[in-house]
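Novice: could you work out the structure for the sequence below:
(3 chains)
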Amino acid sequence: MVEILNIFIMLMLVITALAMVSSRHLFVTVMLSGIFSLLIAASFLLLDAADVALTEAAVGAGISTVLFLGALALMDVEETTRGVRRIRMVSLIVVAVTTIFIVHATFYMPAFGDINAPIHQHVAPWYIQHVPIHMDIPNIVTGILGSYRGYDTLGEVFVVFTAGIGVLSILGDPIKNRQHRPAHNRGLRHYLIPRLVGRMLIPFIILFGLYVQFHGEYSPGGGFQAGALVAAAIILYALLEGEDKALQVIPMRVLYIMMASGALLYGGVGVAALLMGGNFLDYSVLASTPVAGQQWGILLIEMGVGLTVTGVLITIFHAFAARSNL
Amino acid sequence: MLWVELYHYWVFAILLMIGLFGVIAKRNLVKKLVGLSLFQSAVFLFYITMGKVDGGTAPIVGMTDSTDVFSNPLPQVLILTAIVVGISTTALGLSIVVRIKEAYGSIEEDVIHEKDRAE
Amino acid sequence: MNLIEHLPVLQVILPLLSAPFCILMRGHMLAWAIAVVASGAAFAVSLSAASIVADGATLTYAVGGWAAPYGIALEVDAFSALMTMIISGASLLALIAGMASIRQQLPEEKQSLFFAAWLLAMAGLLGISVAADAFNIFVFMEISSLASYVIIAAGPHRKALGAVFKYLAMGTIGATFYLIGVGLIYLMTGTLNLDDIALRVANVSDPHPVLLAAGFITIGLALKAAVFPLHVWMPAAYNYAPHVVSAFIAACATKVSLYVLFRFDFTVFQPNLSGHEFQFGHFMMPLALIGILFGAIVAALAKDLKRLLAWSSVSQIGYIVLGASMTSEAGMTSAIIHMFNHALAKGGGFLIAMGAALYYTTTRFSNLAGLGKEHPWLSGAFVVIGCSLIGVPGTAGFISKWMLVNAALEQGGLGIFIIAVVVFSSLLAVIYVWKVVELFYFEPRPEGASSNAVVVKTPEKLLFMMVVMLVAAANVWFGIFPGEPLALASQAASMLTGGAL
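Specialist: Down below sits the predicted model:
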C-alpha cells in the first residue's frame, strides 16, 4: 500500500518537475515549485525522514515561494525568449549522457531499503546506539546534528548568515531603500477578514515555532525549522499591516543583532568548551556530567540557530520588499 | 523485481536531469534558479532514499512500539544542512536577479548580452 | 589549554567568528581593522602549523571531542599548511594594500557588510583546507562560495552582476555534483571521513558506483577550479570584481578546489581503483594542455589589464593540472609549488591592476599608456611580476616551470611534447607581458586621459606601495631561495603519491 502511494508521489514529482521547467509563465513555475516541495516533503516523510520533511515544507514550499513571489513582483512574469536551438541540443545531449551513466551505475548499487547495505553498517548504527547514552535524548537526528556533526551545523549557520548579509549587501539597506518610495504600502489593512484571521494566526504560529525550537530533542524540529516558522509569522504580520509596522515591531538594528548574536552564540558555546579544557564544541565539559553538558550544549546551539535563521529570513524579506514598487 | 528496488534512484536521475536542463538551456534567469533548486532537491531525494531501511521508522527513540529498526539518521542530518544551503543560494541568486532587472530592464540572458555588447 | 593542539580549529574559527563582529560594529574602519587582525591571526596560525608539519607530521583534531569517523576530524599536513598560508597571506596583503581602492569602489555604508563577507570567504577556504571529512568540505565550500559571490557582486560595474550570476549557477552545479559524488561514496562505504573512505573503498561490493562518484567529484571540482573547458565563469568574475577582491580571489580560490580534487583523487580513488591513475591522467592532461594554450592566446589578445590577468589564470591553472596529471611525485611537486608561485605572481598582478585603477580610473589599455613615467615603482614591480608569470630564471615562476620540465622528462616521448607546449605557451606569456610593458614604458600618455580618480591619502599609498614591493620582492626571493615552500610541496607530493597507503 505504502509502495503504491510512493510510486504515485514519484510520478507526480516527475510530472510537476517537467511542468515547472516547460511552463512559459513564471508565476505558474513558482507555484508549481511550491507544490513540488510539498510533494517531495511527503515522500521524505514516507522515507522516515520526519525532520527533513518538516524543513522542506517550511523552506521549499514556504520561504522559497515567498522569496520568488517577492522577486517576481519586480519583473515580467512571461518568459520571452526560447533560447538558441543549438544550446538546447547540447544541453539535451549532456543531460542524456549523464542520465545513462547514473542509471547504469544504479544496477550495481545495493537494493533500496536493504538493511545489509554498507551504508547501514558502519557509522549509522553507532549513532543509533550512542545518542541515548551520550546525550540521553530521543531524537537521534538532533543528537548527530547538534553534537557529533555540530561543526557542520556551525557551518550551516554561517551559510545562512552569509546569505543574510549578502542579500543586504546586494539589495541595500531596506530602510534607505524605503525612503525613496511613496509610503502607500499599507498591507492588507483595508481588508477586514484576512486581517482579522491573519492576526489571530500569528500568535499560534509563533507558539508552534517555540514548541518546535525547544522540543526538537524529543520530536522532529529544531532551531532551523523554528526560525523559519517565527520568521513566517513576522512576514505574515508585515503582509497584513505593512512593512513599516513590522519594522517598528522588530527594527533593522535588532535584526542585525539577531543575525550576528545567533552565530556568535553558537560559536561562543564552542569557544567556552575550548576554554573549559575540551575540544572546540565539546559540550561534555560544560556541566557537571557529560550527559547534562551535551544537553545544555545542544539546547544553546539550537537557540543560536533559531536566532540567526529568524533574523536572516526577516531581513531578506524586508530587503526584497523595500525594492518593490507595490 | 529489479525495478522496484531501483526506481527511486531512477526518479532521482530524471529529476536531476530535468533540473540541470533547466539551468543550462533556459535563458530566463528566474527559470535558471528554479532549475537550480530542482537540481538540488533531486540530490536531497537521493540521500534520503539511500537512508531508508525496509520496515524501519523515523530515527526517534520511543515514538513507536517497535524500536528495533530505525532508518539511517545520518543522510537526514546531511540533507537538513543541504536544504539550508540551497535556500541561501536561492535567496542570493534572486537578489542578484533583482539587481540585474533594475540595471538592464530584463531578465532574459540574450537581451542582457545584447546590451552588454552595445556598450 | 595547549594552543598547539587546537591550531587546526583556530585556523578556521578565528576569521569565522570575527565576521559577525564586523556587522555589529558600526563604522567601516573598525570593520576593516577586524578583518586585518583576523587575517593576520589566521596567517600566524598557518605559519606555526606549517613549521610543525614541514617534516611530514600531521596535526589532527577531533571537533566536539568525537573521534573520527563518528565526529568530524580536521587534519593539517604539509599540503593543507601550504594552502592555509596562501589563503590567509593573500587576504592579509590584499586588505592592507586595498584601503584606497575599497574607498574608491565601494560606498561607505556597504563596507562593513563587505568585510564580513570577505572574512567568511576566507574562513570558508581555510575550512576546506583543514577539513578531513567529505561532507564538511561541502559545507565550507558553500560558505566560501556564497561569500565570494557577495564580494564579487560588490563590483561597481553592472557587468559584475551578470558575471556573478553565471558564477553562482555554475558554482552551485559544481558543488552539487560534488555532493552527489560524496553521496555515492557514502552509499558504498558507509563513512564520510576521508581516511576512513580510503580504507573502506577498497572493499566495496562493486566499483561501478565509486567510478561514477569519481566522475561527479572530478567534474564538480573542476568546475569550481575553472579547469578548461569549465572556466567560462571565471574571466568575467575576476574582471568585474572590485580590484581588491580580484587580488584575493585570484590568488587562492580556484586553487583550493584543485587542492580538494587532488586530495580526493590521489588518496581515495587512485590507490583503490585499478587503472584510475591512467584514467585521471589521460582525462586531465589534454584539458590542461589545451587550457594552457587557449588561456595564453586569449590573454595575448586582451585589451584590458584585468582581463589579461584573468585569462592568464586559465593558462596557469592548466600548468597546475598538467603537473598533477602526470600522477608522479615529481609532477605533483611541480603542481603544488606552482600553486604557491602562481598565487604570488597573480595576486601581485592584480594588486598592480588595482594601483593602476587608483591613479587612472580604469584598467583599459587605452588609458594605461605612459604609466611607467608617472609611476615608475608600480610599473617596475609589474616587470618583476610579469617575469615571474613567464617563468624567467631568478623569479618564482621559473622554479615551477623547471620542476614541471623535470617531471615531464620522466614521461619519455610524451614528455618532449609536453615540454614543447610549455615552451610555446611561455612564448605566448612573453607576448602578453611585453604588451603591457610596452604600454607602460614606450607609449606616451594620451592627451586628455583621465587620471587621479581618487585622492589617495599618504598612509594608504605607503601601505599599498609597501605591499606591492613586498610581493614583487617575494617573487624574486622565492625564485632564488625556494627552500621552504619547495620543502612543503615535495613533502605534500610524496604523501599524496606514495605515502597514501
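Novice: what residue spans form the domains of chain A?
Specialist: A:1-109, A:122-326 (automatic domain parsing).
Novice: tell me the most buried of the ones you listed?
Specialist: domain A:122-326 (a mean of 21; mean count of other Cβ atoms under 10 Å in any protein chain shown). Just so you know, the C-beta spots here come from the backbone N, C-alpha and C atoms, and that holds for glycine as well.
Novice: quick check: mean pLDDT of that domain?
Specialist: Mean pLDDT, domain A:122-326: 87.
Novice: for stretch C:156-165, same thing?
Specialist: For stretch C:156-165, the per-residue pLDDT averages 92.
Novice: next one: it, is it in contact with chain B?
Specialist: Yes. Stretch C:156-165 reaches chain B (Cβ under 8 Å from any Cβ of the partner chain) through C:158-159, C:161-162, C:164-165.
Novice: who wins on neighbours among these?
Specialist: C:Val164 (30 neighbours; other Cβ atoms under 10 Å in any protein chain shown).
Novice: now the residue lying closest to that one once chain neighbours are set aside: how far from C:Lys166?
Specialist: Nearest residue to C:Val164 in three dimensions, chain neighbours excluded: C:Ala153, at 4.4 Å (Cβ to Cβ, 6 or more residues apart in numbering or on different chains). To C:Lys166, C:Ala153 is 12 Å away according to Cβ to Cβ, to the nearest Å.
Novice: more neighbours: these two, which one.
Specialist: C:Ala153 (27 against 17).
Novice: contact partners for the residue nearest the centre of chain A?
Specialist: Centroid-nearest residue in chain A, with Cα atoms, centre = their mean: A:Val59, separated by 4.1 Å. Taking Cβ atoms under 8 Å, 6 or more residues apart in numbering or on different chains, we find A:Val59 in contact with A:37, A:228, B:83-84, B:86-87.
Novice: make a markdown table out of the residues of stretch C:156-165 next to chain B and add secondary structure.
Specialist: Output for the residues of stretch C:156-165 next to chain B, formatted as a markdown table (DSSP: H, G, I helix; E, B strand; the rest coil):
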| residue | secondary structure |
| --- | --- |
| C:Arg158 | coil |
| C:Lys159 | helix |
| C:Leu161 | helix |
| C:Gly162 | helix |
| C:Val164 | helix |
| C:Phe165 | helix |
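Novice: hmm, back to that, return the subset of the contacts of A:Val59 lying in helices.
Specialist: Cross-referencing these against helices under DSSP state H gives A:37, A:228, B:83-84, B:86-87.
Novice: and the two most separated of these?
Specialist: A:Ser37 and B:Val84 (14.1 Å; Cβ to Cβ).
Novice: now do stretch A:45-57, average pLDDT.
Specialist: 90.
Novice: in chain C, what residue comes closest to chain B?
Specialist: Among the residues of chain C, C:Arg158 lies closest to chain B, at 4.0 Å counting by Cβ to the nearest Cβ.
Novice: so where does the closest residue in space to that residue that isn't next to it in sequence fall, helix or strand?
Specialist: Leaving out its chain neighbours, the residue that sits closest to C:Arg158 by Cβ to Cβ, 6+ apart is B:Ala103, at 4.0 Å. Here B:Ala103, judged by DSSP states H and E, is contained in helix B:73-104.
Novice: re the thing from before, and the domains of chain A as a markdown table, adding distance to C:Ala50?
Specialist: Below are these laid out as a markdown table (distance: least, Cβ to Cβ, whole Å):
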| stretch | distance to C:Ala50 |
| --- | --- |
| domain A:1-109 | 40 |
| domain A:122-326 | 21 |
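Novice: nearest to C:Ala310, out of those domains?
Specialist: domain A:122-326 (22.0 Å).
Novice: and the most centrally placed residue in chain C, which helix or strand is it part of?
Specialist: Nearest residue to the geometric centre of chain C (Cα atoms, centre = their mean): C:Cys252, 2.1 Å. Element membership for C:Cys252, per DSSP H and E: helix C:243-263.
Novice: and the next element down the chain from that helix?
Specialist: Next helix or strand after helix C:243-263 toward the C-terminus (DSSP H and E): helix C:276-301.
Novice: what is the helix or strand following that following helix packed up against?
Specialist: Remark: after helix C:276-301, the chain's next helix or strand is helix C:305-325, criterion DSSP H and E. If you count contacts as 3 or more Cβ pairs under 8 Å, 6 or more residues apart in numbering or on different chains; DSSP states H and E, helix C:305-325 packs onto helix C:234-240, helix C:243-263, helix C:276-301, helix C:329-360, helix C:396-409, helix C:413-442.
Novice: where does residue 205 sit: helix, strand or coil?
Specialist: No chain specified, so I'll use chain A. Recorded secondary structure, A:Ile205: helix (three-state DSSP).
Novice: looking at chain C here, not the other one
Specialist: Going by three-state DSSP: C:Ser205 is coil.
Novice: that one and A:Met1: what is the separation?
Specialist: Relative to A:Met1, and taking Cβ to Cβ, C:Ser205 is found at 31 Å.
Novice: what packs against the helix holding C:Cys252?
Specialist: helix C:78-97, helix C:99-105, helix C:111-130, helix C:134-153, helix C:207-224, helix C:234-240, helix C:305-325, helix C:329-360.
Novice: just name the most buried of those helices.
Specialist: Most buried among those, given mean count of other Cβ under 10 Å as the contact rule, is helix C:111-130, at a mean of 29.
Novice: and for stretch C:97-110, what are the contacting residues?
Specialist: The contact list for stretch C:97-110 (Cβ under 8 Å, 6+ apart) reads A:169, A:172-173, A:176, C:28, C:32, C:111, C:114, C:154-156, C:242-244, C:247, C:351, C:354, C:357-358, C:453-454, C:456-457, C:460-461, C:463-464, C:467-468.
Novice: what number of residues lie near C:Ser48?
Specialist: With neighbours defined by other Cβ under 10 Å, the count for C:Ser48 comes to 15.
Novice: quick check: which element contains it?
Specialist: helix C:28-53.
Novice: do that helix and chain A meet?
Specialist: No. Shown here: helix C:28-53 not in contact with chain A (Cβ under 8 Å from any Cβ), separated by at least 11.3 Å.
Novice: so A:Met75, which state does it fall into?
Specialist: For A:Met75, the assignment made with three-state DSSP gives coil.
Novice: tell me the contacts of the closest residue to it other than its chain neighbours?
Specialist: Spatial nearest neighbour of A:Met75, chain neighbours left out: B:Lys101 (4.7 Å); criterion: Cβ to Cβ, 6+ apart. Taking Cβ under 8 Å, 6+ apart, we find B:Lys101 in contact with A:74-75, B:107.
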